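Asker: Show me how the following folds:
(one chain, ligands or ions: 2)
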Amino acid sequence: MQEPHQLKIYKFGGASVKDAAAIRNLQLIVREHSGPGPLLIVVSAMGKTTNALEDLFHLAHGGQEYTAPLAALRAFHLGVAAELGVADITLPTAPSIVELLEQLGDRLATITTGDYDKQYDQVVSFGELLATRIVAAALEAQWVDCRPLIRTDHTWREGRVDWPTTERSLRATLPPLLSNGPIVTQGFLGGTASGYTTTLGREGSDYTAAILAYCLGAQDVTIWKDVAGLLNADPKIFADTVRYPEISYQETIEMAYYGASVIHPKTIKPLAVRHIPLLVKSFVDPTAEGTKIHDCRHGLLAPAYIRKAAQCLISFSSKDLTFISEENLEVIFGALAQVRLKINLMQNSAISFSVCTDFSAYRLEKLLDLLREQFTIHYNTGLELYTIKNYDTASIRRIAQDRELLLEQRTRQTFQFVCRGSFNEVSA
Ligand SMILES: Nc1ncnc2c1ncn2[C@@H]1O[C@H](COP(=O)(O)OP(=O)(O)O)[C@@H](O)[C@H]1O
Ligand SMILES: N[C@@H](CC(=O)OP(=O)(O)O)C(=O)O
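Answerer: Residues are numbered from 1 along each chain as shown. Ligands and ions are numbered 1, 2, ... in the order given. As a prediction, the model looks like this:
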């Protein structure tokens, strides 16, 4: 039997399983690149299925008609399964594709006007259940439901992992199965002690791969993407991007935190703690080198450019010209935490305090309700937050020149600003 440290974890995101051709490419990668040791494969929902499920859920929760989009989602998954020749393949521990689609229909039919976030998780999770079911059949691999294994609390849509319980369950369950052959399991999902499904936050499948690697002591994790590796900017926005062949956990965690969406920000810490390398590789060109994220020392890296869209800048000032004090800040931070608005950037002056957060109409309204009595509040929406890591004069000129900066901040390595409008060097 293989030693646990030889376990490899592969994570395939939505783009790499978006249709039957993509899943055939995945089969090829697994066959030709994974080697002889144990392999655990984490799969996200196919293409934009999570967005489609969010829309479906929203319609059902609002009491609106959803028959047509549900039928489209059903036809899409059955179509891909048929094209791959796996529609009728049964797997010992898994429900069939049709059964899963029926369970989804039943869930939607029983949605109530109650708890939005809790019911969201019970519905949106079907994207990963369906995708893994199809991929496991295509690979003739074992299908494992991760929800009883990855234990979270009841923080719907952003479940917080109970690490000791999760580690115990994973270690007791997966190694014997892995000795029989590859396992396919879901990214993005967890489960509560009372048996409810939770999700780990949008784009959280990378994080799942890290949870599994941490708990099982994996040799490494490979996330297969549609880009050549971790680049110094998103190539959909910026021209002339460069790939980092290797980069430290610290640099990567900051890039992900500031909004480099290629890696979910929670992914890095569990891997860094157990010194497990993270490889970012291209599923379009699997033999290419990619990026290795690990314990390493490197010189100054090329400036990294990161854009976070859909931002909101909120400024609070006291109503009677009193200074922004620790007591005031405590109230503001408490309210932000209560409505679950995360601060991306903050700045204070004598009588005013500003925060830049991701925009959510619902959460902003709740925040205003909590604080408008105590503070005068102004806000702007439709903004963008830019970060340049390892900046120099030329890099600042490149993206900040001729723009109206509503808020600006710099530290030794990082320059950030909030502004209106959109910046695109490459056509979408
Ligand atoms: N610094 C970066 N390096 C590489 N890709 C990036 C970077 N920042 C953003 N991206 C974007 O991340 C995308 C891949 O991530 P994502 O779409 O989340 O993958 P998946 O959902 O398939 O796992 C790329 O297509 C690219 O547009
Ligand atoms: N399917 C989920 C989780 C995820 O991580 O997806 P992806 O790996 O495609 O980013 C989402 O879209 O949020």
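
Asker: Can you classify the spatially most central residue of the chain by secondary structure?
Answerer: The centroid of the chain falls nearest to Glu203 when counting by CA atoms, centre = their mean (2.2 Å). Following DSSP: H, G, I helix; E, B strand; the rest coil, we place Glu203 in the coil state.

Asker: Check Ala309 too.
Answerer: In three-state terms, and counting by three-state DSSP, Ala309 is strand.

Asker: How many neighbouring residues does it have?
Answerer: Using other CB atoms under 10 Å, Ala309 has 14 neighbouring residues. (Each C-beta comes from the backbone N, C-alpha and C, glycine too.)

Asker: okay but it is in contact with Ser422, surely?
Answerer: Yes: assessed by CB atoms under 8 Å, Ala309 is found in contact with Ser422 at 7.5 Å.

Asker: what secondary structure does the residue lying farthest from the centre of the chain sit in?
Answerer: Residue farthest from the centre of the chain, counting by CA atoms, centre = their mean, is Asp320 at 42.3 Å. Three-state call for Asp320 (three-state DSSP): coil.

Asker: residue contacts, it?
Answerer: Asp320 makes no contacts at all, as judged by CB atoms under 8 Å, 6 or more residues apart in numbering.

Asker: any idea how far ligand 1 is from the closest residue to the residue nearest to the centre of the chain other than its chain neighbours?
Answerer: Excluding the flanking residues, the one nearest Glu203 by CB to CB, 6 or more residues apart in numbering is His264, at 5.1 Å. The gap separating His264 from ligand 1 is 8 Å, by CB to the nearest ligand atom, to the nearest Å.

Asker: For burial, what's the neighbour tally of His264?
Answerer: As a burial measure, His264 scores 23 neighbours (other CB under 10 Å).

Asker: how about whichever residue of the stretch 101-250 of the chain sits closest to ligand 2, what does it touch?
Answerer: Closest residue of the stretch 101-250 of the chain to ligand 2, CB to the nearest ligand atom: Ser205 (3.2 Å). Contact analysis of Ser205 by CB under 8 Å, 6+ apart lists 11, 13, 42-44, 128, 186-188, 264.

Asker: what kind of secondary structure is Val86 in?
Answerer: Secondary structure, three-state DSSP: Val86 is coil.

Asker: rewinding a little: what does the residue farthest from the centre of the chain show for phi and psi?
Answerer: phi -120, psi 30 (degrees, to the nearest 10).

Asker: Only the buried residues of stretch 251-261, if you could.
Answerer: 251-256, 258-260 (16 or more other CB atoms under 10 Å).

Asker: Would you mind listing the two of these that lie farthest apart?
Answerer: Of all pairs drawn from those, the widest gap by CB to CB lies between Glu251 and Gly259 and measures 14.5 Å.

Asker: Give me the common contacts of Ala309 and Ser422.
Answerer: Glu384.

Asker: now Glu326: how far from Thr393?
Answerer: 36 Å (CB to CB, to the nearest Å).

Asker: now His378
Answerer: For His378 relative to Thr393 (CB to CB), the value is 32 Å.

Asker: who has more neighbours, those two?
Answerer: More crowded of His378 and Thr393, by other CB under 10 Å: His378, with 12 against 7.

Asker: Am I right that that one sits in a helix?
Answerer: No: according to three-state DSSP, His378 belongs to no helix; its state is strand.

Asker: nearest residue to it other than its sequence neighbours?
Answerer: Ranked by CB to CB, 6+ apart and with sequence neighbours excluded, the top spatial neighbour of His378 is Ser315, at 4.9 Å.

Asker: Wait, a strand at the one you found?
Answerer: Yes: according to three-state DSSP, Ser315 belongs to a strand.

Asker: isn't it right next to Ser354, touching?
Answerer: Yes: using CB under 8 Å, Ser315 is in contact with Ser354, at 4.4 Å.

Asker: before we move on, the earlier item: contacting residues around the residue nearest to the centre of the chain?
Answerer: By CB under 8 Å, 6+ apart, the residues touching Glu203 are 188, 261, 264.

Asker: ok, of these, which one's closest to Arg410?
Answerer: Ser261 (23.1 Å).

Asker: residues touching the closest one, list them.
Answerer: Contacts of Ser261 (CB under 8 Å, 6+ apart): 203, 234.

Asker: at 7 Å instead, please
Answerer: Glu203 (CB atoms under 7 Å, 6 or more residues apart in numbering).

Asker: What pLDDT is listed against it?
Answerer: Looking at Ser261, its pLDDT is 91.

Asker: again with the one 4 residues further on
Answerer: The model reports Pro265 with a pLDDT of 92.
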